[in-house]
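*Asks:* Give me a 3D structure for the following:
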Amino acid sequence: MRVLFIGDIYGKPGRRIASSVIPQVRKEELIDFVIANAENAAGGFGLTIPILHKLEKYGIDCITSGNHIWDRKEIIPNLDSFPSILRPANYPESAPGRGAQIFTILGARVGVINLAGKSFMPQVDCPFRTAIKEIEKLDTRVIIVDFHAEKGFEKKALAIWLDGKVSAVLGSHTHIQTADEQILPSGTAYITDVGMTGPLDSVIGVVPDKSIKYFTHRIPQRFDTADKNEHLHSVILDIDEISGKTTAIKRITI
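*Replies:* Coordinates of the predicted model:
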């Protein structure tokens, strides 16, 4: 099974390149299943239902998210209605939506778990213990984890903790693609951050001048989305459906 995981789709530029590249990559790379983090797809903050439908038309099968999923109030009461959207599983159970889901791909059960980190992030339940609970509930060998976290050491620690229990632990949130993709000893693929799908000539998606003014003057700024030099960052996983182990991970930048 071949899985394409796309890094954080940021605003209209991210949606624009995703719309043209995803169908191409699905065809050329013989992709069976597409996951994309889209918590920044609506103007850099949150997700809306019209944009959700657009992303599905691009060929995205599962949408993961993070702390910004709550930024657009209209999506919150609808999270329970769309099984393809995930919010971090370690938010309180009373929060709308789901943190894990099973998809049937080529006759195989594929689990996806969304988790949020605790370091320099809004405080949530322990991602380590939550991961084990969700793995037990999913009861399948093929499981892909989107770990939406700030710190690389937290992401790597979770990956080692889950090595052999899931097919992949893929980092999101920092919008910077790292070059440390690997397969851990027991068959779990890992990368600290898949990167961002959006304007590369930016500060993680934002117009540079606005970010620089914020850092130099410490005055709140309107973080407008940049629109130059669009890139799609992603990884492709080759996963054995029987064992759940990943046999290859490849970074893709377009």
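*Asks:* switch to C-alpha atoms for all contacts and neighbour counts from now on
*Replies:* Fine.
*Asks:* in the chain, which spans are helices?
*Replies:* 11-28, 49-58, 127-138, 152-162, 208-217 (DSSP state H).
*Asks:* show me what contacts the closest residue to Gly152 other than its chain neighbours?
*Replies:* Leaving aside its sequence neighbours, Gly152 sits nearest to Thr192 (CA to CA, 6 or more residues apart in numbering; 5.9 Å). By CA atoms under 8 Å, 6 or more residues apart in numbering, the residues touching Thr192 are Gly152, Lys155, Lys156, Leu170, Gly171, Ser172, Gln177, Thr178, Asp180, Glu181.
*Asks:* of all the helices of the chain, which lies closest to Asn67?
*Replies:* Relative to Asn67, the nearest member of the helices of the chain by CA to CA is helix 127-138, separated by 13.7 Å.
*Asks:* Which strands and helices lie in contact with the closest one?
*Replies:* strand 100-105, strand 108-116 (3 or more CA pairs under 8 Å, 6 or more residues apart in numbering; DSSP states H and E).
*Asks:* so can I have JSON lines of these showing mean pLDDT, mean neighbour count and distance to Gln123?
*Replies:* Listed next are the helices and strands packed on helix 127-138 as JSON lines, based on pLDDT from 0 to 100; neighbours: other CA atoms under 10 Å; distance: least, CA to CA, whole Å:
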{"stretch": "strand 100-105", "mean pLDDT": "97", "mean neighbour count": "17", "distance to Gln123": "19"}
{"stretch": "strand 108-116", "mean pLDDT": "98", "mean neighbour count": "24", "distance to Gln123": "9"}
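*Asks:* closest one to Ile6 among these?
*Replies:* Comparing these by CA to CA, strand 108-116 comes nearest, at 13.7 Å.
*Asks:* Name the nearest of the contacts of Thr192 relative to Gly44.
*Replies:* When these are compared against Gly44 (criterion: CA to CA), the nearest one is Ser172, at 14.6 Å.
*Asks:* So, low pLDDT: which residues of the stretch 101-250 of the chain?
*Replies:* Within the stretch 101-250 of the chain, no stretch has pLDDT under 70.
*Asks:* Need the contacts of Thr192 in CSV (columns: distance to Asn114 and neighbour count).
*Replies:* Below are the contacts of Thr192 laid out as CSV (distance: CA to CA, whole Å; neighbours: other CA atoms under 10 Å):
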residue, distance to Asn114, neighbour count
Gly152, 17, 16
Lys155, 13, 25
Lys156, 16, 18
Leu170, 10, 25
Gly171, 10, 31
Ser172, 10, 29
Gln177, 19, 23
Thr178, 19, 15
Asp180, 21, 12
Glu181, 19, 19
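*Asks:* May I ask which two of those are separated the most?
*Replies:* Lys156 and Gln177 (14.7 Å).
*Asks:* show me what contacts Asp80?
*Replies:* Going by CA under 8 Å, 6+ apart, the list of residues near Asp80 reads Pro96, Gly97, Arg98.
*Asks:* what number of residues lie near the first one?
*Replies:* Residues contacting Pro96 under the criterion other CA atoms under 10 Å number 17.
*Asks:* shouldn't it be in contact with Leu79?
*Replies:* Yes - if you go by CA atoms under 8 Å, Pro96 and Leu79 touch, sitting 6.0 Å apart.
*Asks:* Which residue comes closest to Asp125 once chain neighbours are left out?
*Replies:* In space, Asp125 is closest to Asn90, 4.9 Å off (CA to CA, 6+ apart).
*Asks:* quick one: the one you found from Lys118, how far?
*Replies:* For Asn90, the distance to Lys118 (CA to CA, to the nearest Å) stands at 10 Å.
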